[in-house]
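Novice: next input, structure requested:
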Amino acid sequence: MNTSKAPWQGTKRGQRRGIVQISEVANALIDPVLAKRAGLNTMLLGSWDEIAGAQFADCTRPERITWPRRASEMTGEGGGHQPGVLTIACEGARALFLSHQQGEIIQRINGFFGYPAISQVRIVQKPVTPHANRRPKPRPLTGEAARHLDDLVDGIEGDALKAALKRLGTAVLGGRAKTR
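Specialist: Coordinates of the predicted model:
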């Protein structure tokens, strides 16, 4: 008999109940379906804007990952991992530019997974619906807040890290309510 409970289920009296975000529960339910039907996970979908870059974030989306069948699976032998093919939906003429950047996209995806998960990209031209939950970009900081943020990131050496921290700082400092 399985006595383990999911984190969102109740606990016995005297036990401390952990706080679980609804996104964790939803991801736990959605990930197996996505993995079975498309070979994707919600982490890849959620990070696609950073993986694709500013040039392709608004006109592309990952559709599925097709993993090759291994002969060792059929014979029952243990075999190594073979990278798959990622199908990307892309709008119109931007597919040509995406095809020229596919080597970089493959490197970014493999860097995201941490191992060579993708060996090639298949581009399908079709309309890509925009994400409904996109937040507007934060307004640029001005005055004292901008100077304060510049002072905070001044000692950072890496340009990419410095830019990422400035974006984060702009979102955090710019998103504060005027009255508390």
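Novice: lowest-confidence helix or strand of this structure?
Specialist: helix 71-75 (a mean of 52; mean pLDDT, DSSP states H and E).
Novice: what's the mean pLDDT across the first helix or strand past that helix going along the chain?
Specialist: Next helix or strand after helix 71-75 toward the C-terminus (DSSP states H and E): strand 84-90. The average pLDDT for strand 84-90 rounds to 89.
Novice: now do the buried residues in strand 84-90.
Specialist: Across strand 84-90, burial judged by 16 or more other C-beta atoms under 10 Å covers 84, 86, 87, 88, 89, 90. Where you see a C-beta, it was placed from the backbone N, CA and C, and this is true even at glycine.
Novice: my guess is the fifth one contacts residue 121, does it?
Specialist: So that's residue 89. No. Counting by C-beta atoms under 8 Å, residue 89 does not reach residue 121; the two are 11.5 Å apart.
Novice: tell me the SS of residue 61?
Specialist: Following DSSP: H, G, I helix; E, B strand; the rest coil, residue 61 is assigned to strand.
Novice: which residues of the protein fall in helices?
Specialist: For the chain, the helices defined by DSSP state H cover 22-38, 42-46, 48-52, 71-75, 94-100, 102-113, 143-153, 159-174.
Novice: can you tell me what sits against stretch 159-179?
Specialist: 138, 139, 140, 141, 145, 148, 149, 152, 153, 156 (C-beta atoms under 8 Å, 6 or more residues apart in numbering).
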